[in-house]
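Participant: one predicted model, sequence on top.
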There are 2 protein chains.
Amino acid sequence: MTRREPINPTDDAARALVRDLLADVRFGALAVLHPETGAPYVARVGMIWDDTAALTLVSTLSTHTRALLVQPACAVLVGEVGDKGDPLTHPRLTLTAQAAQVDKQAHKDRWLAAVPKARLYYDFTDFLMFRLTPVGIDLNGGFGKAYRLTPDEL
Amino acid sequence: MTRREPINPTDDAARALVRDLLADVRFGALAVLHPETGAPYVARVGMIWDDTAALTLVSTLSTHTRALLVQPACAVLVGEVGDKGDPLTHPRLTLTAQAAQVDKQAHKDRWLAAVPKARLYYDFTDFLMFRLTPVGIDLNGGFGKAYRLTPDEL
């Protein structure tokens, strides 16, 4: 059996799928280097998309926030699994990124419009906001539908 | 306002929640070190729980599989987000783990019983199986419900 090349040429459909996945994002799986062991670590975080980068609101009480404060290289997995069929047929993307802390008050209106229940904790002093600037985007639209995009292709 | 300690003492309810999340798992977000850059990377993978460790079936065409072949330290995020409310209120856990390749034929019946549609690709030669032996388990049952378990507490 002949297998296809794993990465397809980027086309308009792939770019549109990436834009849709990012526009809809409300959470993701954030991968970081564990601040004590240096091993990979992953946690669910709240996340929205802000035109050219992701924003995440995270607590300093958590391992992943302490990780970002010492090592800004990270990655996030975005895209939900539907109720039916093999979970691997549902589109998702991996954003590799560099994190930088930003002033959360500058993004409060946008965040609360997307995640109204965050009003309960948004102003807690242990919550920080990071901007995750994309380094690369790996789109997986399902079996045989892998694409690799650069940030300027968004 | 007085904030609680971030990690609660492990109790029976926490252990039961961990067992339930692992028993139900069919996929997870696998965090690895990127094989070229060494930066964190994360991807969705198919996954089941096998009594004391997770099993994952992954393709050598993917970045995360090439990563596991050179660096066995990894982590997986398990636990789905429901339809309602803040995504961060839904229970999930992070398993930090060490990956080791195993013979996928030894686990075929169990895998296909859990993921019947995997019959379409299970025997493809580029698919390998890894056993992810837990190093630690961070349970997040929702705000203020963080626990840290050792593998022998399962």
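Facilitator: That came through fine.
Participant: so which residues of chain A form helices?
Facilitator: A:12-23, A:63-70, A:108-114 (DSSP state H).
Participant: now the strands for chain A?
Facilitator: Secondary structure of chain A (DSSP state E): strands located at A:7-8, A:27-33, A:40-50, A:53-59, A:73-78, A:92-102, A:127-140, A:146-149.
Participant: helices and strands around the helix or strand of chain A with the lowest mean pLDDT, which ones?
Facilitator: Within chain A, no helix or strand scores below strand A:7-8, which has a mean of 92 by mean pLDDT, DSSP states H and E. Secondary-structure packing of strand A:7-8 (3 or more C-beta pairs under 8 Å, 6 or more residues apart in numbering or on different chains; DSSP states H and E): strand A:146-149. For glycine as for every other residue, the C-beta is placed from the backbone atoms N, C-alpha and C.
Participant: what packs against the strand it packs on?
Facilitator: Against strand A:146-149 (3+ C-beta pairs under 8 Å, 6+ apart) you get strand A:7-8, helix A:12-23, strand A:127-140.
Participant: which residues touch that strand?
Facilitator: Strand A:146-149 is contacted from outside by A:6-10, A:14-15, A:18, A:136-141, B:61-62, using C-beta atoms under 8 Å, 6 or more residues apart in numbering or on different chains.
Participant: center of chain A, which residue is that?
Facilitator: In chain A, the residue lying closest to the centroid (C-alpha atoms, centre = their mean) is A:Val76, at 3.6 Å.
Participant: isn't that residue right up against A:Thr94?
Facilitator: Yes: if you go by C-beta atoms under 8 Å, A:Val76 and A:Thr94 touch, sitting 7.2 Å apart.
Participant: quick one: common contacting residues for these two?
Facilitator: Joint contacts of A:Val76 and A:Thr94 (C-beta under 8 Å, 6+ apart) are B:Val42.
Participant: rewinding a little: leaving out sequence neighbours, find the closest residue to the residue nearest to the centre of chain A.
Facilitator: A:Gly28 (4.1 Å; C-beta to C-beta, 6 or more residues apart in numbering or on different chains).
Participant: quick one: contacts for A:Lys104?
Facilitator: So A:Lys104 contacts A:57, A:111, A:122, A:127-129 (C-beta under 8 Å, 6+ apart).
Participant: ditto for A:Val81
Facilitator: A:87, A:90, B:27, B:44, B:80.
Participant: any idea how far the first one is from B:Val115?
Facilitator: If you measure A:Pro87 against B:Val115 using C-beta to C-beta, to the nearest Å, the figure is 8 Å.
Participant: A:Ala113: what's it in contact with?
Facilitator: Counting by C-beta under 8 Å, 6+ apart, A:Ala113 has no contacts.
Participant: look up the pLDDT of it for me, please.
Facilitator: Note on A:Ala113: pLDDT of 96.
Participant: what of A:Arg4?
Facilitator: Confidence at A:Arg4, expressed as pLDDT, is 51.
Participant: do the same with A:Met1
Facilitator: 40.
Participant: before we move on, the earlier item: deepest of the strands of chain A, which one?
Facilitator: Across those, averaging neighbours per residue (mean count of other C-beta atoms under 10 Å in any protein chain shown) puts strand A:27-33 on top, at a mean of 28.
Participant: list the buried ones in stretch A:102-117?
Facilitator: A:104, A:107-108, A:111, A:114-115 (16 or more other C-beta atoms under 10 Å in any protein chain shown).
Participant: of all those, which two lie farthest apart?
Facilitator: A:Lys104 and A:Ala114 (13.6 Å; C-beta to C-beta).
Participant: point out where chain A drops to low pLDDT.
Facilitator: Low-confidence segments of chain A (pLDDT under 70): A:1-5.
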